[in-house]
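In: below is the structure, and that's it, no one-letter string:
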């Protein structure tokens, strides 16, 4: 079955929240995070009041339009930056796939499309935060041109990709 990448639509909002939850790394053998974590200010700011002029999201779907994954970018101000904050001109990127869709090249497709969308929106780079113990994600980011530029307080790496 063929997969497609399409623009975010309003009815995708619940799925985008699901993908934000899926994007949070939990170490092997540790219990899953409580979904209430999505209500914490440091987390909810990634999607709260979605739809600003600078917000961008893409959804990967299968042939019958079932969502498989999402990628999104959002700008933050210096005083309200996210975990992967670099500067006020560089949007932070988030990406996640449903478990059944992982390892099939869908994430790579989503990234390629988002890089084009971000570039056509006038951005020169995108950034993100990744726990270096999340080896599959780290490898994917490195293969797609992200470079470590720092670390946050929790030990996660801040990575940036020039567009």
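Out: Yep, that arrived. Bear in mind the structure is a predicted one, so any value in this text is a computation, not a measurement.
In: secondary structure element for residue 149?
Out: Secondary structure assignment for residue 149, by DSSP states H and E: strand 147-151.
In: for the top strand by length along the chain, which outside residues touch it?
Out: Longest strand in the chain by number of residues (criterion: DSSP state E): strand 67-74. With contact meaning C-beta atoms under 8 Å, 6 or more residues apart in numbering, strand 67-74 is reached by 3, 8, 12, 15-16, 19, 46-47, 52, 54-62, 82, 91-98, 100-101, 106-107, 110-111, 113-114, 118, 123, 126. In this view, the C-beta of every residue, glycine as well, is placed from N, C-alpha and C.
In: in which helix or strand would I find the residue nearest the centre of the chain?
Out: With distances taken as C-alpha atoms, centre = their mean, residue 94 lies nearest the centre of the chain, 1.0 Å away. Using DSSP H and E, residue 94 sits within strand 92-97.
In: returning to that earlier point: give the rounded mean pLDDT of the strand holding residue 149.
Out: Average pLDDT, strand 147-151: 93.
In: on that earlier part again, and the residue nearest to the centre of the chain, what does it touch?
Out: Per C-beta under 8 Å, 6+ apart, neighbours of residue 94: 19, 20, 23, 46, 70, 71, 72, 73, 74, 128.
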